[in-house]
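Student: Whatever this is, show me its structure:
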Amino acid sequence: MRHLTLDNGLRVVLDARGTAPAVGVAVHYGTGFRSDPPGRSGFAHLFEHLMFQGSARVAPGQHFAVVQGSGGTAGGSTHQDHTDFYQVAPTAALERLLFLEADRMAGLRLTEEGLRVQLRVIREEIRTQVEGRPYGGFPWTVLPGVLYTSFANAHNGYGDVRDLEQVTTAECAAFHEASYAPSQAVLTVCGGFDEAEAVRLVRRHFGPLSPRPAPPPVRADEPPGAGREADCHDELAPLPALALGHRMPDPALELPAYLDHMVLSALLTGTERAELTHHLVGVTGLAAAVRSGCGFFGPLQARDPDTFHVVITAHPDACVNELLAETDAVLARLSSHGPDPARLARTQAQLRASLARGYDSLLQRTRHTGAFALLHDRAELVDELPRLASRVEPLGVAAAAERLLRTPRATLRLRTREAALV
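Tutor: You can find the predicted model right below:
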């Protein structure tokens, strides 16, 4: 990989991958849910939509038309600490992709009508993705509000539409000026391209952009809280569910401990025969399904604080205390005795293969390279992570299980029309 920083502060990662006939381009901005101002929950997500509403030389909707007309795909997403915009297309389209991203980094075409259109789109997104389907948004839209207490960490990233209806185009312009400045972004180019030509094109399109003052950093740190409990209701869900949330080690200070949790998650729920899945589904029969993970959007896709979560889809007659006791029994066994060496080796091989396969995808590699560069100043994690996960020791897994047992956790019960966990 080649790294460079332009005079305006834009960081660039060039990841040339031989002669592949396609290229991925992503821009990651250091603003996400945690950047939402109080009283404007969902603002970063709204802004993700507004970034496709046109810029100085690109009409509303034309971004998608240009990319798709070049044989590519494009999209955007909002996470806790970043918003990313990405596209994959034939290598011949590289300059077009860079032009599109540079033009909207320079400035947006903000209109009252465009703002109202995107508010309607977001209402429909919430209706279909959260309110209109079973387990929609569970647990990531609700569990943070149980585990954390600060507004930055606890609020729902989709936001409150009533808040968003008060947003003005002037607010949007000010937000873009500060939060979407070159110094707040990482540009990633990945795939089959000539590195020298890519440098020339990046400098041509992004170099003339003026530097802009950065906003003050978001204060997301908060002391660990006591374990709290809450209920949510889902009229469409066929079975009740239980979500558990734990604070994870800070990857900036304790990356090995964070990796221990990644391997622990795979040991707990990575397959049907994994420790927790087998115990709750196959042995006790308390659950229909179990899953766990590091981060709501995947490992290392956020800064500290990040969340280790366990989600149990329970049978109607299961009770919370029984589910918690059986879950803790599995963790206690791993904490006391460590994982079986043969099972740990198989799990790590599966995890390493899964990570490597994921980064065979040009889109995923491009997006994760930019996220790792922006969040952790370590773009090379896309190549290092499979190897690092395979080096986790049994003592590290045992320590991660012990940490989950001894730190306060959030407990979120999902109640259905027919059943409620007691």
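Student: centroid residue for the chain?
Tutor: For the chain, the residue nearest the mean C-alpha position is residue 297 (3.1 Å; CA atoms, centre = their mean).
Student: ok, that residue touching residue 79?
Tutor: Yes. Residue 297 lies in contact with residue 79 (CB atoms under 8 Å); the separation is 5.2 Å. C-betas here are computed from N, CA, C, even on glycine.
Student: can you list residues touching both of the two?
Tutor: Here residue 297 and residue 79 share no contacting residue, scored by CB atoms under 8 Å, 6 or more residues apart in numbering.
Student: Next up, the contacts around the residue nearest to the centre of the chain.
Tutor: Per CB under 8 Å, 6+ apart, neighbours of residue 297: 79, 80, 140.
Student: What are the phi and psi values at the last one?
Tutor: Listed backbone geometry of residue 140 is phi -70, psi -20, with angles given as degrees, to the nearest 10.
Student: list the buried ones in stretch 73-84?
Tutor: Across stretch 73-84, burial judged by 16 or more other CB atoms under 10 Å covers 74, 75, 76, 78, 79, 80, 81, 82, 83, 84.
Student: whoops, stretch 358-369 was the one
Tutor: Neighbour counts using 16+ other CB under 10 Å place 359, 362, 363, 364, 365, 366, 367, 368, 369 of stretch 358-369 among the buried residues.
Student: cool, stretch 240-256 as well?
Tutor: Within stretch 240-256, the residues that count as buried by 16+ other CB under 10 Å are 240, 241, 242, 243, 244, 245, 246, 247, 248, 249, 251, 255.
Student: Inside strands: which ones of these?
Tutor: Counting by DSSP state E, these place 241, 242, 243, 244, 245, 246, 247 in strands.
Student: The fourth one contacts residue 320, doesn't it?
Tutor: Translated: residue 244. No. Between residue 244 and residue 320 there is no contact under CB under 8 Å: 10.3 Å.
Student: any shared contact partners between those two?
Tutor: residue 411.
Student: Share the number of residues neighbouring residue 235, please.
Tutor: Using other CB atoms under 10 Å, residue 235 has 10 other residues around it.
Student: now the helices: where do they sit in the stretch 201-350 of the chain?
Tutor: Under the criterion DSSP state H, counting those that start in this stretch, helices of the stretch 201-350 of the chain are mapped to 255-269, 275-277, 320-337, 341-358.
Student: quick one: the last one to chain centroid distance?
Tutor: What that stands for is helix 341-358. 22 Å (CA atoms, centre = their mean, to the nearest Å).
Student: Give the buried residues for it.
Tutor: Going by neighbour count (16+ other CB under 10 Å), the buried part of helix 341-358 is 344, 346, 347, 348, 351, 352, 355.
Student: can you list the residues you listed in JSON lines and add distance to residue 283?
Tutor: Formatted as JSON lines, those follow (distance: CB to CB, whole Å):
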{"residue": "344", "distance to residue 283": "20"}
{"residue": "346", "distance to residue 283": "20"}
{"residue": "347", "distance to residue 283": "19"}
{"residue": "348", "distance to residue 283": "24"}
{"residue": "351", "distance to residue 283": "23"}
{"residue": "352", "distance to residue 283": "28"}
{"residue": "355", "distance to residue 283": "29"}
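Student: Nearest to residue 116 among those residues?
Tutor: residue 355 (42.1 Å; CB to CB).
Student: Please name the nearest non-neighbouring residue to the closest one.
Tutor: Excluding its sequence neighbours, the residue lying closest to residue 355 (CB to CB, 6 or more residues apart in numbering) is residue 386, at 4.3 Å.
Student: What are the contacting residues of the helix or strand in which that neighbour is found?
Tutor: Here residue 386 sits within helix 381-390, counting by DSSP states H and E. Taking contacts as CB under 8 Å, 6+ apart, the residues outside helix 381-390 that touch it are 255, 259, 262-263, 299-300, 348-349, 351-353, 355-356, 359, 365, 368-369, 372, 378.
Student: Stretch 314-322 too?
Tutor: Contact with stretch 314-322 is made by 239-242, 285-288, 323, 411, 413, 418-419, 421-422, as judged by CB under 8 Å, 6+ apart.
Student: how much space between residue 257 and residue 223?
Tutor: With distances taken as CB to CB, to the nearest Å, residue 257 is found 18 Å from residue 223.
Student: what does residue 237 give?
Tutor: Here residue 237 is placed at a distance of 33 Å from residue 223 (CB to CB).
Student: Of the two, which one has the most company?
Tutor: residue 237 (21 against 6).
Student: gap between the more buried one and residue 409?
Tutor: For residue 237, the distance to residue 409 (CB to CB) stands at 22 Å.
Student: so how many other residues sit close to residue 63?
Tutor: That count, for residue 63 with other CB under 10 Å as the rule, works out to 24.
Student: Who are the contact partners of residue 415?
Tutor: Residue 415 neighbours (CB under 8 Å, 6+ apart): 231, 232, 233, 234, 240, 421.
Student: Now list the buried members of these.
Tutor: 232, 234, 240, 421.
Student: Of the residues you listed, which one scores lowest on pLDDT?
Tutor: Least confident entry in those, by pLDDT: residue 421, with 73.
Student: my read: it touches residue 413, true?
Tutor: Yes. With contact defined as CB under 8 Å, residue 421 reaches residue 413; the gap is 4.8 Å.
Student: got the end-to-end distance for stretch 86-99?
Tutor: Distance across stretch 86-99, first residue to last, is 13 Å (CA to CA, to the nearest Å).
Student: Also stretch 133-153?
Tutor: Using CA to CA, the distance between the terminal residues of stretch 133-153 is 25 Å.
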